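A.B. asks: here's my sequence, what's the structure:
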Amino acid sequence: MYYSTMKVAVLTSGGDAPGMNAAARAFIRRAIWEGYEAHGIYHGYEGLLAKEIKKLTSRDVGMIINQGGTFLGTSRSERFKTDEGRQEAADILKAKKIDALCVIGGDGSFRGALNLSEVYKGQIVGIPGTIDNDIPGTEYTIGFDTAVETAVWAIDKIRDTALAHGRLFLVEVMGRNSGQIALSVALSCGAEDVVIPEEKNNIEGMVKRIREGREKGKRFGIIVVAEGHDEGGAIKLAQTMEKDYGLESKVSILGHIQRGGTPSSYDRVWGSRMGEAAVRFIKNQYTNVFTAMKGGQLVPAYLKEAVSGIRTVEPEMVQLVRIVGS
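C.D. replies: Take a look at the predicted model:
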């Protein structure tokens, strides 16, 4: 399905991630450089259904590479999850003569793109944008580096008061189904322990390690807790530790601060590279693929792989946190 002038469109979907603007900017400018007509779809799949589609120029994406969030806006669309909704979306893309669609988002966004491909006859290419870094088939997703840096920045300040008062802090970071953020944050800030969804939490062992540290003269402690671990979050874990083991702690929940803020240079670089690569993949006739980092290079990987589950963490990373934090 090609028209006289190749028309491409890009949307951002699901949770925002720092670096999405860099990816969209690079996609638009590389598309224009190729002689394509570039369009932005505002507010994700819901915006597509509302026909919020605008032709963009290089100037429209100026001054956004350093901005967090996504200038296109994002949303979660219940209507798009239905067969009728996706057929309507495909009909809109056809009516607008869009030859190729680029979707920037996480596994849910990619699943939506795959489902759309069943009724949309144009090309579909994805760019992995999620702070969780949990998409199978790629070593990196846009936003992860900034989210980790933001959490480490916050914990460095929490450590000051923890040391001053000799307190134990449980710091909750994002990661409902994945411990990628928690592991990197814990290792970066020198935490004593880390709690992640992928590992059954041994509270007794954790309490034992904390008490052993105090016997060695350690006056304070930091434990990084992924929001999705099996104990139900940092607050519930703190309550259990005090009730069952008599160990008091303070809780700090970082929340959505990890999603926002100026993207790191790393996220700007890889966001830009992925945005440019997405256009190259379209030019080379790929469809139902995404820009995957493998061995430090960007290659096309099938969207089916991206929605096959959760990218696993390295078990030795958990042990490393505990060894160097002891």
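A.B. asks: contacts and neighbour counts: CA atoms only from here.
C.D. replies: Fine.
A.B. asks: return the set of buried residues in stretch 41-60.
C.D. replies: For stretch 41-60, the neighbour count (16 or more other Cα atoms under 10 Å) marks Ile41, Tyr42, His43, Gly44, Tyr45, Glu46, Gly47, Leu48, Leu49, Ile53, Leu56 as buried.
A.B. asks: what's the answer for stretch 93-107, then?
C.D. replies: Those would be Leu93, Lys97, Ile98, Asp99, Ala100, Leu101, Cys102, Val103, Ile104, Gly105, Gly106, Asp107, for stretch 93-107 by 16+ other Cα under 10 Å.
A.B. asks: returning to what we had before: ok, so of the buried residues of stretch 41-60, who is nearest Met63?
C.D. replies: If you rank these by distance to Met63 using Cα to Cα, Leu56 comes first, at 14.1 Å.
A.B. asks: from Ala89, how far off is that closest one?
C.D. replies: Counting by Cα to Cα, to the nearest Å, the gap from Leu56 to Ala89 is 20 Å.
A.B. asks: the strands in the stretch 101-250 of the chain, which residues?
C.D. replies: 123-128, 168-173, 193-195, 221-226, 250-253 (DSSP state E, counting those that start in this stretch).
A.B. asks: and those as a markdown table, adding distance to Lys7, mean pLDDT and mean neighbour count?
C.D. replies: As requested, the strands of the stretch 101-250 of the chain are exported to a markdown table (distance: least, Cα to Cα, whole Å; pLDDT from 0 to 100; neighbours: other Cα atoms under 10 Å):
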| stretch | distance to Lys7 | mean pLDDT | mean neighbour count |
| --- | --- | --- | --- |
| strand 123-128 | 11 | 99 | 28 |
| strand 168-173 | 40 | 95 | 25 |
| strand 193-195 | 46 | 93 | 29 |
| strand 221-226 | 42 | 94 | 27 |
| strand 250-253 | 44 | 94 | 16 |
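A.B. asks: next up, the contacts around the residue nearest the centre of the chain.
C.D. replies: Nearest to the geometric centre of the chain sits Thr130, at 1.4 Å (Cα atoms, centre = their mean). Contact partners of Thr130, counting by Cα atoms under 8 Å, 6 or more residues apart in numbering, are Gly15, Asp16, Ala17, Gly105, Gly106, Thr141, Ile142, Gly143, Phe144.
A.B. asks: okay, now the last one: neighbour count?
C.D. replies: Other residues within reach of Phe144 by the criterion other Cα atoms under 10 Å amount to 28.
A.B. asks: so how far is Arg209 from the residue of the chain positioned farthest from its centre?
C.D. replies: When distances to the mean C-alpha position of the chain are computed (Cα atoms, centre = their mean), the maximum falls on Glu215, with 39.2 Å. Counting by Cα to Cα, the separation of Glu215 from Arg209 is 10 Å.
A.B. asks: repeat that for Gly47.
C.D. replies: 51 Å.
A.B. asks: the buried residues of stretch 93-107 in helices, which ones?
C.D. replies: Members of the buried residues of stretch 93-107 lying in helices (criterion: DSSP state H): Leu93, Asp107.
A.B. asks: ranges for the helices of this protein?
C.D. replies: Taking DSSP H as the test, the helices found in the chain are 20-33, 44-49, 83-95, 107-117, 144-165, 180-189, 203-215, 234-245, 265-283, 303-306, 315-324.
A.B. asks: got the CA coordinates for the third one in PDB?
C.D. replies: Looking back up the chat, that one is helix 83-95. Output of helix 83-95 as PDB, limited to C-alpha atoms (Å, rounded to 0.1, in the frame of the first residue of the first chain):
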ATOM      1  CA  ASP A  83     -11.500  -5.500  17.300                       C
ATOM      2  CA  GLU A  84     -13.900  -2.700  16.300                       C
ATOM      3  CA  GLY A  85     -11.500   0.000  17.600                       C
ATOM      4  CA  ARG A  86      -8.500  -1.400  15.800                       C
ATOM      5  CA  GLN A  87     -10.400  -1.700  12.500                       C
ATOM      6  CA  GLU A  88     -11.500   1.900  12.900                       C
ATOM      7  CA  ALA A  89      -7.800   2.900  13.500                       C
ATOM      8  CA  ALA A  90      -6.800   1.000  10.400                       C
ATOM      9  CA  ASP A  91      -9.500   2.700   8.300                       C
ATOM     10  CA  ILE A  92      -8.300   6.100   9.500                       C
ATOM     11  CA  LEU A  93      -4.700   5.300   8.600                       C
ATOM     12  CA  LYS A  94      -5.800   4.200   5.200                       C
ATOM     13  CA  ALA A  95      -8.000   7.300   4.700                       C
END
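A.B. asks: who's in contact with it?
C.D. replies: Tyr45, Leu48, Leu49, Lys51, Arg79, Phe80, Asn115, Leu116, Val119, Tyr120.
A.B. asks: OK, contacts around the first one?
C.D. replies: By Cα under 8 Å, 6+ apart, the contact list for Tyr45 reads Leu11, Ser13, Ser75, Arg76, Ser77, Phe80, Ala89.
A.B. asks: quick one: pLDDT of it?
C.D. replies: Here, the pLDDT recorded for Tyr45 equals 98.
A.B. asks: and the last one, by the same measure?
C.D. replies: The confidence metric pLDDT takes the value 98 at Tyr120.
A.B. asks: tell me who's in contact with it.
C.D. replies: Contacts of Tyr120 (Cα under 8 Å, 6+ apart): Gln87, Ala90, Asp91, Leu93, Lys94.
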